[in-house]
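Enquirer: build me a model from this:
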Amino acid sequence: MSENRAEKVAAVEAVNAAVAQAYAALGFPHPVGAVRWVPIEQVRANDYNPNAVASEEMTLLHTSIAEDGYTQPVVTIWDPEEQIYVVVDGYHRYTTMRRFQDIYASTDGFLPVVVIDKPIADRIASTVRHNRARGKHSVQGMGSLVFQMLSAGESDETICRKIGVDAEELARLKHVTGYSALYRDAEYSPAVMTESQLRAKAEYKKEHPDEQIPKW
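Expert: Okay, the predicted model is just below:
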């Protein structure tokens, strides 16, 4: 990229920062008010995105960006240790620029991003909410996210609230990744199980008649 272009991008960044401060002063401290253009080399995909997109949809996304430009920024967090932006939502918009030279060239490799500041469990929940709001997520991917949130110390109740699932779905997601098996020998009293958990257990037994029901 030419030095002149770099100077212009820096000038735009300064304007965007001022706009973001103005929005915050008005009581609108939303990330969308602070869109930044950063070199895609400073952006990295996360390792917990459950959203699977077919090749046909990726092709359509490329066409959409080629024809209409980037209409939505990629949601990221800033990792101060690695000095890099990590994708929370918008992985496929990010990947499109990485994969297609025409998209890369259209912005000189600068990707529009917004930055949120959240710990890992909340970032995972943000990814799930974005994907579920669009109606796109894979069961295995969701199970993996739940596993990570549980490992981070989040309670079942908190996970259900943050990612919009009920106890039954959470129980199934735990089983998908084998999380339940980690506690197979733990003793639980039926008296402390919720009604929905009991229904989920009965449903599991119906779907897997020859398999021993895990102790949830």
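
Enquirer: buried sites along the lengthiest helix in the chain?
Expert: With secondary structure taken from DSSP state H, the chain has its longest helix at helix 3-25. Neighbour-count burial for helix 3-25 flags 9, 20 (criterion: 16 or more other C-beta atoms under 10 Å). Any C-beta I mention is one placed from the backbone N, CA and C, and that applies to glycine too.

Enquirer: average model confidence for the helix or strand just after that helix?
Expert: For helix 3-25, the following helix or strand on the C-terminal side (DSSP states H and E) is strand 36-39. Averaged across strand 36-39, the pLDDT comes to 92.

Enquirer: by contact count, what packs against strand 36-39?
Expert: helix 3-25, strand 110-115 (3 or more C-beta pairs under 8 Å, 6 or more residues apart in numbering; DSSP states H and E).

Enquirer: relative to residue 61, how far out is the closest residue to residue 36 other than its chain neighbours?
Expert: Spatially, and ignoring its direct neighbours in sequence, residue 36 is nearest to residue 113 (5.5 Å; C-beta to C-beta, 6 or more residues apart in numbering). As judged by C-beta to C-beta, to the nearest Å, residue 113 and residue 61 stand 17 Å apart.

Enquirer: more neighbours: those two, which one.
Expert: Higher neighbour count among residue 113 and residue 61: residue 113, with 26 against 17, using other C-beta atoms under 10 Å.
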